[in-house]
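In: Here's a sequence, model it:
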Amino acid sequence: MQALQSAQNPAGGAAQDPLARWRDDDLYANPSAVPLPAVGQAAVPATAHFAVVYDDISLGRTGIALQWVPAAAMPRPAQATEPAEPDADADADADAQPDDGDRRAPMDAAAIEAMLWEAMQRDNTTPGDLDAFIGAFPDSPHLEEAQARREALLLAPPPNAALSIDDATVAAGVDIVVHYAGLPGDRNDWIAVAAAGAPDESWLAWAYTDGAAGGSVTLPGRQPGDYELRAYLEDPRIVAARLPITVVATTVPDRQGQSSLFGRRDTPAPAGPSMTLDVATVPSNMPVVVHYDGLATDRRPWVTVVAVGTPDTSWGAWTYVDGGAGSATLPAQPPGAYEVRLYYENPRQVLARLPLTVSPPDPNAPGPSLEADKTRFAVGEPIAVRWAGMPGVRSDWITVVPAGTPDTTWADWAYTDRMPAGMLTLPGQRVPGDYEIRAYLEGPREVVARLAITVTP
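Out: The predicted structure is shown next:
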């Protein structure tokens, strides 16, 4: 190899030296430059393609870099001794004998490849080093070995990667502070929490490390159960470290209790976000009503219903929900086995799951219906209407429209206020004619009951 310390710029100026950066003693040690010929033999430094091998002081490893250098700016070997003063006889032969400083020494490409491959055997060689070697020597006899070693290094987790938490016990619903160390420091590294035993392609919540090799991230609290914390690397995606944890239900003192050694009783503390269903089995002609509680207002919660076995990264019909407590309605599903899931967004994670069975509709069960005390109303007379057999969700509603109006159009309307049966009053109509009262369900929107009436002058 041609040591950089022994190379000089033909123009004699350091600022024009294209390889000057590698001589920075604060960053690099023992740099060596090797010209890469395009053919088996090449005059050095006639080629303009250099490989530079160096010890990276800041990272504590050996590196290799490829650099194109304009032919006019390429370094040449320095003189071993100062040239002798020319004499008259030497001047006479100047045209016939070029001096040693201009002579180009041949270098064999195989010898260059062998020297660089030897450098690749160091323990601190990285995939990037091997990428440079493979790119410089695509016909190398060591090509397959270099490719195999590169893949092995990419798939090998960092030897010192580790995860830890402050307390051995994690309380339900409490944010999990995860400490990590020994990561490569790539901006795409990330920390996740997954259900115990879940495949590496599945997780519940995650956060980037922001390119730090060590530090802490905070993940949202979980329901009681067994989980695994994981440190992931990208490109390719591998798990660099794992830490099993258990989330336990907590208790708080109930000062109104009577039965305990200290004159009070322990009752379970709120466990964070939760979800319930009115029934575990619903007919296929009825929507799915979901009740939730304990949701944060800044995490964009949403609910979905999916077939059993669907990955957490997929979903079916869904809707956003408000923070705190409330109810949501999902559309009717075909008969089968399902799971209702409650999610947070930013980052996305599953908060709760409930099994749901959808059965064929009961042909004998009464469906939604509408009725009124009369079918003829005067112009402007309020229209009182009763309904029954509705699901009883907040998005059910009733409207009155002129007869023949498409189901996608409506006029005066009112919610049923989550009542499966009840009565409401719609405004009187100002134009005589035939009208229709309709009961609607949402998600998807459909008319489930109709009642014809007439408005008279």
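In: Low-confidence regions, the stretch 351-457 of the chain specifically.
Out: For the stretch 351-457 of the chain, applying pLDDT under 70 flags the ranges 393-394, 443-444.
In: For it, just list every one of the strands.
Out: With DSSP state E, counting those that start in this stretch as the criterion, the stretch 351-457 of the chain has strands at 369-371, 376-378, 383-388, 397-402, 413-415, 422-426, 433-441, 446-456.
In: For Leu59, which of the ones you listed is the nearest?
Out: Proximity to Leu59, assessed across the strands of the stretch 351-457 of the chain by Cβ to Cβ, is greatest for strand 433-441 (62.7 Å). Heads up, the C-betas are built off the backbone N, CA and C, glycines and all.
In: wait, Val350 sits on Ala198?
Out: No: under the criterion of Cβ atoms under 8 Å, Val350 makes no contact with Ala198, lying 10.7 Å away.
In: neighbour-wise, which of the two wins?
Out: When neighbours are counted by other Cβ atoms under 10 Å, Val350 and Ala198 differ, and Val350 comes out ahead with 19 against 16.
In: for the more buried one, what are its contacts?
Out: Val350 is in contact with Leu204, Asp312, Arg341, Leu342, Tyr343, counting by Cβ atoms under 8 Å, 6 or more residues apart in numbering.
In: what sits against Tyr28?
Out: Contact analysis of Tyr28 by Cβ under 8 Å, 6+ apart lists Trp22, Tyr54, Asp55, Asp56, Ile57.
In: OK, contacts around the residue nearest to the fourth one when sequence neighbours are not counted?
Out: What it means is Asp56. In this structure, Asp56 finds its nearest non-sequential neighbour in Gly63, 4.9 Å apart by Cβ to Cβ, 6 or more residues apart in numbering. Shown in contact with Gly63 (Cβ under 8 Å, 6+ apart): Val53, Tyr54, Asp55, Asp56, Thr126, Gly128, Asp129.
In: Recalculate using a threshold of 10 Å.
Out: Contact partners of Gly63, counting by Cβ atoms under 10 Å, 6 or more residues apart in numbering, are 28, 31, 52-56, 119, 124-126, 128-129, 132.
In: Buried only: go through those for me.
Out: Neighbour counting over these (16 or more other Cβ atoms under 10 Å) leaves Tyr28, Pro31, Val52, Val53, Tyr54, Asp55, Ala119, Thr125, Thr126, Asp129, Ala132 as the buried ones.
In: before we move on, the earlier item: inside strands: which ones of the contacts of Gly63?
Out: Residues from those lying in strands, with DSSP state E as the criterion: Tyr28, Pro31, Val52, Val53, Tyr54, Asp55, Asp56.
In: From Arg150, how far out is the fifth one?
Out: Which is Tyr54. Tyr54 sits 19 Å away from Arg150, going by Cβ to Cβ, to the nearest Å.
In: And the buried ones among the contacts of Gly63, which is closest to Ser284?
Out: Of the buried ones among the contacts of Gly63, the one sitting nearest to Ser284 (Cβ to Cβ) turns out to be Thr126, at 57.4 Å.
In: Hmm, the closest one is touching Ile64, no?
Out: Yes: with contacts counted by Cβ atoms under 10 Å, Thr126 reaches Ile64, the gap being 9.1 Å.
In: Overlap in contacts, those two.
Out: By Cβ under 10 Å, 6+ apart, Thr126 and Ile64 have these common neighbours: Ala132.
In: Can you tell me which residue is spatially central in this protein?
Out: In the chain, the residue lying closest to the centroid (Cα atoms, centre = their mean) is Trp206, at 7.4 Å.
In: Roughly how far does that residue sit from Arg445?
Out: Taking Cβ to Cβ as the measure, Trp206 and Arg445 are separated by 36 Å.
In: same thing with Arg341?
Out: Arg341 is 23 Å from Arg445, by Cβ to Cβ.
In: Looking at the two, which one has more neighbours?
Out: The neighbour comparison of Arg341 against Arg445 (other Cβ under 10 Å) goes to Arg341, with 22 against 13.
In: partners of the helix or strand containing the more buried one in the sheet?
Out: Assigned by DSSP states H and E, Arg341 falls within strand 336-344. Applying DSSP bridges to the sheet, strand 336-344 is found paired with strand 302-307 (antiparallel), strand 349-359 (antiparallel).
In: pLDDT averaged over it, what's the number?
Out: The pLDDT scores in strand 336-344 average 93.
In: From the chain's centroid, how far away is that strand?
Out: Centroid separation between strand 336-344 and its chain, computed with Cα atoms, centre = their mean, to the nearest Å, is 21 Å.
In: and if you look at stretch 302-320?
Out: On the basis of Cα atoms, centre = their mean, stretch 302-320 sits 17 Å off its chain's mean C-alpha point.
In: Surely Tyr227 is in a strand?
Out: Yes: using DSSP: H, G, I helix; E, B strand; the rest coil, the assignment for Tyr227 is a strand.
In: right, and it touches Pro220 too?
Out: No: Tyr227 is beyond contact range of Pro220, at 11.7 Å (criterion: Cβ under 10 Å).
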